[in-house]
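Q: Quick one: sequence plus predicted model below, questions after.
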Amino acid sequence: MKSAELPARILIDIDGVCYLRGTRIDGAAEAVTRLCSEGRSVVYVTNNSWGLPSTYAETLRALGFPAGHDQVVTSSMAAASLLLEGDPASRRPGLARGALVGAMGGPGLVSALDDAGFEPSGVDELDGVPADDVGAVVVGVDRDLSYARVSQAARLVRGGSWFLATNTDATFPTESGLLPGAGSIVGAVSIASGVDPTVAGKPEAGLAKAAASVVGVGPGLVIGDRIETDMAFARRNGHLAGLVLTGVSAVEDLASAEYLPDLVANDMAELVESPVRIELDDHGAPVAVSGGESLRRAIGEALGARCQ
Ligand SMILES: [Mg+2]
């Protein structure tokens, strides 16, 4: 497969695909530049809820990636969009602009809520405010997590405020190892309140809708490094799933994956040029075709282990 055969919309995960722990991944920036120069629409999609999209875009540009601030969508932005639009699956109508929303997260969450026209407030500043007056509580990565914040968030959710999670990733990788992700904090509020959240980020549809607002509606290619979030996100939202092996998931993980990728490559440069494709044979069993021989053989062994 040459890049000419890839779809016109490309959704690119950031961590583990473009860079790893702040260090750029060789060939990735050139691959994205090529996709853009061939006329494709590119959006970067991240479950990271903490930062501002403009900050992620600046980091990407500093590493050589073509990335405008309006080409990055975060799980915080997806959560804010869900609040506006409502979510039939959660039986929640959209909130009116100006609604008071409790935030448990970073500057990216507060900014996304503000940009969407809501009135964000730290949950610990809502002591004594009735849940009826707080349209929603949105929980992401909260580096100032405290017992008081969990208590207030759980009180509001128990009282009927709409409970949203930016994402449910249990951890995220840093230079100093795995740190607790939004999912760990969401779990505390969920257990304390007895309520399950509406989830905005990958693999759910909220982030797919936010991405479509940048690259348009229709099938595209998701490039990611985590099978359980990125590949699930792709397949559940009508996109091709492209796995790169520069981040979290390894070839062996394909043996137990719920959602298989369509394309697999060692890195983004190879994904654009000559990925291994996973297709179904005449008996409906997944098989690895094309691409580099050693990767194709390793994928074949992992796929074979699924069938036993
Ligand atoms: Mg990633």
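A: Arrived safely.

Q: use CA for all of it now, contacts and neighbours both
A: OK.

Q: So residue 258, which state does it fall into?
A: Following DSSP: H, G, I helix; E, B strand; the rest coil, we place residue 258 in the coil state.

Q: now swap in residue 120 and tell me
A: Residue 120 is classified as strand under three-state DSSP.

Q: bridging residues for it?
A: For residue 120, the beta-bridge assignment (DSSP bridges) gives partners residue 101.

Q: ok, it touching residue 98?
A: No. If you go by C-alpha atoms under 8 Å, residue 120 and residue 98 don't touch, sitting 9.1 Å apart.

Q: Tell me who's in contact with whichever residue of the chain sits closest to the ion.
A: The minimum distance from the chain to the ion, using C-alpha to the ion, falls at residue 15 (4.1 Å). Counting by C-alpha atoms under 8 Å, 6 or more residues apart in numbering, residue 15 touches 21, 46, 247.

Q: Neighbour count: residue 120 and residue 98, which is higher?
A: residue 120 (23 against 14; other C-alpha atoms under 10 Å).

Q: Out of the helices and strands in this structure, which is least certain?
A: strand 171-174 (a mean of 83; mean pLDDT, DSSP states H and E).

Q: Note down every partner strand of that strand and its orientation.
A: Per DSSP bridges, strand 171-174 is paired in its sheet with strand 177-180 (antiparallel).

Q: Next SSE downstream of the strand it pairs with?
A: For strand 177-180, the following helix or strand on the C-terminal side (DSSP states H and E) is helix 182-193.

Q: just how off-centre is that next one within its chain?
A: 19 Å (C-alpha atoms, centre = their mean, to the nearest Å).

Q: Listing partners with orientation, what would you give for the helix or strand just after that helix?
A: Downstream of helix 182-193, the first helix or strand assigned by DSSP H and E is strand 198-199. Here strand 198-199 has these sheet partners by DSSP bridges: strand 162-165 (parallel).

Q: who's in contact with the strand it pairs with?
A: 79, 92, 135-140, 157, 182-183, 186, 195-201.

Q: tell me the mean pLDDT for the longest helix seen in the chain?
A: For the chain, the helix that runs over the most residues, judged by DSSP state H, is helix 293-306. When pLDDT is averaged along helix 293-306, the result is 95.

Q: before we move on, what about stretch 35-42?
A: 96.

Q: Report how far apart the opening and closing residues of it are.
A: 8 Å (C-alpha to C-alpha, to the nearest Å).

Q: circling back to that earlier point, name only those of the contacts of strand 162-165 that count as buried.
A: The neighbour count (16 or more other C-alpha atoms under 10 Å) marks 79, 135-140, 157, 182-183, 186, 195-201 as buried among the contacts of strand 162-165.

Q: out of those residues, which touch the ion?
A: Among these, no residue is within reach of the ion (C-alpha under 5 Å from the ion).

Q: hang on, the earlier thing: only the buried residues of the longest helix of the chain, if you could.
A: Buried residues in helix 293-306 (16+ other C-alpha under 10 Å): 295-296, 299-303.

Q: Then stretch 66-78?
A: For stretch 66-78, by 16+ other C-alpha under 10 Å, it's 66-69, 71-78.

Q: rewinding a little: who are the packing partners of the longest helix of the chain?
A: Judged by 3 or more C-alpha pairs under 8 Å, 6 or more residues apart in numbering; DSSP states H and E, helix 293-306 is in contact with strand 286-289.

Q: ok, now with 6 Å
A: Taking 3 or more C-alpha pairs under 6 Å, 6 or more residues apart in numbering; DSSP states H and E as contact, there are no helices or strands that helix 293-306 lies on.

Q: For it, what is the distance to the chain centroid?
A: 27 Å.
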